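J.: what follows is a predicted protein model with its sequence.
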Amino acid sequence: MSAEDRVKATAKNVEGKAQEALGKVTGDQGDQAEGKAKQGEASTRHAVEDGKDAVKKAVD
């Protein structure tokens, strides 16, 4: 996984956690859901890039 992609995915995860926490504090279920969705997106990005890395290692 490129360092840039890892940073972007990590930033998306942090953003999602913050938004979810804000939603919990304010009682806004929409923010909570959006925050969880962003965390899911970050997790998917990590998984895709980890898969790419595994393929590269297998080919080398």
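T.: Nice, I can see it. Numbers count the residues shown, from 1 in each chain.

J.: show the subsequent helix or strand relative to the helix or strand containing residue 7.
T.: In this assignment (DSSP states H and E), residue 7 forms part of helix 3-26. The element immediately downstream of helix 3-26 (helix or strand, assigned by DSSP H and E) is helix 29-59.

J.: list the buried residues for that next one?
T.: Neighbour-count burial for helix 29-59 flags 31-32, 34-35, 38-39, 42, 45-46, 49 (criterion: 16 or more other Cβ atoms under 10 Å). Yep, even glycine has a C-beta here, placed from its N, CA and C like the rest.

J.: nearest to residue 10, out of those residues: which one, please.
T.: For the buried residues of helix 29-59, the minimum distance to residue 10 (Cβ to Cβ) is 7.0 Å, reached by residue 42.

J.: so what's the spatially most central residue of the chain closest to, chain neighbours aside?
T.: Taking Cα atoms, centre = their mean, the centroid of the chain lies closest to residue 42, which sits 1.5 Å from it. Closest residue to residue 42 apart from its sequence neighbours, by Cβ to Cβ, 6 or more residues apart in numbering: residue 13 at 3.7 Å.

J.: quick check: the one you found touching residue 39?
T.: Yes. The pair residue 13 and residue 39 passes the contact test of Cβ atoms under 8 Å, sitting 5.5 Å apart.

J.: hmm, back to that, quick one: mean pLDDT for the helix holding residue 7?
T.: The average pLDDT within helix 3-26 is 95.

J.: what's near enough to touch the residue nearest to the centre of the chain?
T.: Counting by Cβ atoms under 8 Å, 6 or more residues apart in numbering, residue 42 makes contact with 9-10, 12-13, 16.

J.: do residue 31 as well
T.: 19-20, 22-23.

J.: just to revisit the earlier point, and for the residue nearest to residue 42, the neighbour number?
T.: The burial count assigned to residue 13 is 19, neighbours taken as other Cβ atoms under 10 Å.

J.: just residue 12 next, same as before
T.: Residue 12 is flanked by 19 other residues according to other Cβ under 10 Å.

J.: try the one 10 residues further on
T.: Neighbourhood size, residue 22 [other Cβ under 10 Å]: 14.

J.: can you tell me how far it sits from residue 42?
T.: 17 Å (Cβ to Cβ, to the nearest Å).
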